[in-house]
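J.: have a look at this prediction, sequence included:
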Amino acid sequence: MYMNKTKRNLIIASAVINLILISLNLAMSIILKVNPKILQEYSEYLYFVSYSSNIIYAVISFAIGLVGSILLLFAVRSKGKHFRTSQGLYIAGFVIIVVCGGWLSWILLFISMFIPDIIVMNTPKEVKKEEIMENRAYEEKKKKIEDLKRLRDSGMITEEEYKEKLFELL
């Protein structure tokens with residue numbers, strides 16, 4: 001079983017975008033504290049980044065966002081092989097990103113919620129084996145029905161017995 005690639009990619013994209021945004025938030029907050037005039041010149045280009053004049057808030061926000069992104073990335077490790085056992089980590093990361101992350105990160109996470117978790121992919125050998133088993137079952141039922149018809153036609157069983165046994169087979 002493999003994790004749905006679309007869901008996995010959305011979760012990874014959300015974690016990476018969140019890391020970029022919280023890093024920008026921290027950098028902008030430091031720049032604002034050191035030289036506020038620089039940000040005033042470029043503020044119209046930085047509308048997608050929220051930054052604060054409070055460095056302590058920016059550092060705490062960075063740490064919490066970092067934890068959220070790490071939890072999401074850890075939940076989809078090994079190509080999502082352990083995703084079902086990492087649901088708690090995924091949910092914790094999801095909540096942290098929604099509460100503390102940027103809008104693009106949580107939109108991607110909300111979209112990923114509606115995508116199925118797991119896709120079962122059979123190898124060609126397994127598919128062939130299933131087809132052989134289905135064919136055998138079909139042939140066995142067909143043979144039993146033919147035997148029932150012969151018994152009915154020869155008079156060894158009545159029409160009611162034939163219908164009853166046919167019903168059991170089907």
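T.: Yes, it's here. Values in this document were obtained by computation on a predicted structure and should not be read as measured data.

J.: every contact and neighbour count from this point should use C-alpha atoms.
T.: Fine.

J.: tell me which residues of the host helix or strand of Tyr57 come out buried.
T.: Per DSSP states H and E: Tyr57 is located in helix 55-75. Residues of helix 55-75 classed as buried by neighbour count (16 or more other CA atoms under 10 Å): 55, 58-59, 61-62, 64-75.

J.: by contact count, what packs against that helix?
T.: If you count contacts as 3 or more CA pairs under 8 Å, 6 or more residues apart in numbering; DSSP states H and E, helix 55-75 packs onto helix 5-34, helix 87-100.

J.: what's next to the last one, contact-wise?
T.: Defining contact as CA atoms under 8 Å, 6 or more residues apart in numbering, one finds that helix 87-100 is touched by 18, 61, 64-65, 67-72, 74-75, 105-106, 109.

J.: which intervals of the protein have sub-threshold pLDDT?
T.: Along the chain, the parts satisfying pLDDT under 70 run over 1-2, 39-53, 118-123, 126-127.

J.: what residues are up against the residue lying closest to Val59 once chain neighbours are set aside?
T.: Setting aside the residues directly before and after it, Val59 is nearest to Leu26 in space (CA to CA, 6 or more residues apart in numbering), at 6.5 Å. Counting by CA under 8 Å, 6+ apart, Leu26 touches Tyr51, Ile55, Ala58, Val59, Phe62.

J.: Ile115: which element?
T.: Counting by DSSP H and E, Ile115 is part of no helix or strand.

J.: quick one: it from Pro36, how far?
T.: Using CA to CA, to the nearest Å, one gets 44 Å for the distance from Ile115 to Pro36.

J.: Ser86 now?
T.: To Pro36, Ser86 is 43 Å away according to CA to CA.

J.: more crowded one of those two?
T.: Neighbours were tallied for Ser86 and for Pro36 using other CA atoms under 10 Å; the higher tally belongs to Ser86 (17 against 14).

J.: give the contact list for the residue lying closest to the more buried one once chain neighbours are set aside.
T.: Ranked by CA to CA, 6+ apart and with sequence neighbours excluded, the top spatial neighbour of Ser86 is Ala75, at 5.1 Å. Contact analysis of Ala75 by CA under 8 Å, 6+ apart lists His82, Phe83, Ser86, Gln87, Leu89, Tyr90.

J.: now do 10 Å
T.: Ala75 makes contact with 8, 11-12, 69, 81-93, according to CA atoms under 10 Å, 6 or more residues apart in numbering.

J.: likewise Leu104?
T.: Shown in contact with Leu104 (CA under 10 Å, 6+ apart): Ala13, Ser14, Ile17, Asn18, Leu21, Phe48, Val98, Phe110.

J.: and the host helix or strand of it, which residues are buried?
T.: Assigned by DSSP H and E, Leu104 belongs to helix 103-113. By 16+ other CA under 10 Å, the buried positions in helix 103-113 come out as Trp103, Leu104, Ser105, Trp106, Leu108, Leu109, Phe110, Ser112.
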